[in-house]
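Asks: coords please:
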Amino acid sequence: MTGLYLYVNEGGGRSWVLRTMVGSKRRHIGLGGFPDVPLAAAKERARQLKLDIAQGRDPVEERRAAKHRLVASQVAAMSFQRAAERYIEAHGDSWKSDKHRAQWVSTLVTYAYPVIGVLDVKDVAQQHVLEVLEPIWKTKNETASRLRGRIEVVLDWASVRGHRSGENPARWKGHLDKLLPAPGKIHRVEHHRAMPIEEVSAFMLRLAQHGSVSAMALTFLVLTAGRSGEVRGATWSEIDFENSVWTVPADRMKAGKEHRVPLSDDALRVLNCVPRVANCDCIFPSTRGGPLSDMALTQLMRRMGVDAVPHGFRSTFRDWAGEKTNYPREVAEMALAHTIQNQVEAAYRRGDALERRRQMMTDWSRFLFPVQ
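Replies: You can find the predicted model right below:
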């Protein structure tokens, strides 16, 4: 056949080449090596290529374009797990705490990756998202709802980065809300177990018998009505002893807003009893030098035989303020650093009523320790 050659290289390897004109360009088109491609097959390939060229096609350009498409598709290909990891790498440092990041990773590793982790992110569809969510939607609805939102965010990230296109199959409004029952219809809030108001004073007297760092941290938590994470992460630099104020920075608050806590004399007494550790700003450090673990206070209460959790003391405080005092509801809510749901009320509440709360926290302290 005209233009068909068998090339022999210096090493003795042989391959078929078709030399021909494609338009105004001379092309050398490889047809495969000999003897893997015998003469008859080489002739047939050459014949087909010449027919393609006669129809205005350029086999060399088509091969080059196909190779580019393959490379582009390989670059764009990304598994869901890798997309999630890339998203966390990009945004994790902006999240308010390491705990939040750990919760993100934990839910994805536990529920999403086993189902869609290895799936190309561009191929994640509605049935895949439902396969992840449906087994836990009714039994672990809060976790499932958060997981759905995280999957949606990862898929949005992948779309913006060019790794997928089309509608997001994890979106709720107008999509999954038609397939899954609303969380409010099936979710039942389990309130943190709280100690009855009538029992808290006796408990505080028992707690005062413990001299551990955990006991002092728990005492401080009750006196300030703070959250466990806020107390365990408290630092000496946050305490203004002159004005008896503890200022919790925004990045350690649930609502992401700085919170000032007026300190009663008993709260200050606790701080004065805590031994300071050299080169450590933590008020309540663990034996390793960092903050106490999130289970330290809970385990202390368990050892004391108490059927409640540290966070429950906030409910006890709220019950005391509502049932035993005449302090306005909004002052108690400020003490708990609760987010104001009513937008009109939020717009008018400019200050934090620090001095009004100071008297309330003093009264709370006197209720906890009635005999001095």
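Asks: once you drop chain neighbours, what's closest to Glu323?
Replies: Ile197 (6.8 Å; C-beta to C-beta, 6 or more residues apart in numbering). Just so you know, the C-beta spots here come from the backbone N, C-alpha and C atoms, and that holds for glycine as well.
Asks: who's in contact with that neighbour?
Replies: 316, 319-320, 323-324 (C-beta atoms under 8 Å, 6 or more residues apart in numbering).
Asks: counting neighbours, which of the residues you listed end up buried?
Replies: Buried by 16 or more other C-beta atoms under 10 Å: 316, 319-320, out of the contacts of Ile197.
Asks: let me have the residues you listed in JSON lines, extended by secondary structure.
Replies: Formatted as JSON lines, the buried ones among the contacts of Ile197 follow (DSSP: H, G, I helix; E, B strand; the rest coil):
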{"residue": "Thr316", "secondary structure": "helix"}
{"residue": "Asp319", "secondary structure": "helix"}
{"residue": "Trp320", "secondary structure": "helix"}
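Asks: need those residues in a markdown table with distance to Thr247 and pLDDT, can you?
Replies: As requested, the buried ones among the contacts of Ile197 are exported to a markdown table (distance: C-beta to C-beta, whole Å; pLDDT from 0 to 100):
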| residue | distance to Thr247 | pLDDT |
| --- | --- | --- |
| Thr316 | 24 | 94 |
| Asp319 | 27 | 94 |
| Trp320 | 24 | 95 |
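Asks: all strands of the stretch 1-150 of the chain, in order?
Replies: Counting by DSSP state E, counting those that start in this stretch, the segments of the stretch 1-150 of the chain that form strands are 4-8, 14-22, 25-34.
Asks: on contacts alone, who are the packing partners of the longest one?
Replies: Secondary-structure packing of strand 25-34 (3 or more C-beta pairs under 8 Å, 6 or more residues apart in numbering; DSSP states H and E): strand 14-22, helix 39-54, helix 59-76.
Asks: about what we covered before: save the buried ones among the contacts of Ile197 as TSV, and put in distance to Val309 too.
Replies: Converted to TSV, the buried ones among the contacts of Ile197 look like this (distance: C-beta to C-beta, whole Å):
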residue	distance to Val309
Thr316	11
Asp319	15
Trp320	17
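Asks: out of the helices and strands packed on strand 25-34, nearest to Val231?
Replies: Among these, helix 59-76 comes nearest to Val231, with 47.9 Å by C-beta to C-beta.
Asks: average pLDDT across the closest one?
Replies: Averaged over helix 59-76, pLDDT sits at 63.
Asks: equivalent analysis for stretch 235-248, please.
Replies: Stretch 235-248 comes out at a mean pLDDT of 96.
Asks: buried stuff in that stretch?
Replies: Judged by neighbour count (16+ other C-beta under 10 Å), stretch 235-248 contains these buried residues: 235, 238-239, 244, 246, 248.
Asks: Leu180 falls within a strand, correct?
Replies: No. With three-state DSSP as the criterion, Leu180 is coil rather than part of a strand.
Asks: tell me the spatial nearest neighbour of Met253, not counting adjacent residues.
Replies: Nearest one to Met253, counting by C-beta to C-beta, 6+ apart, is His259 at 5.3 Å.
Asks: show me what contacts that neighbour?
Replies: His259 touches 230, 247-248, 253, 337, 352, counting by C-beta under 8 Å, 6+ apart.
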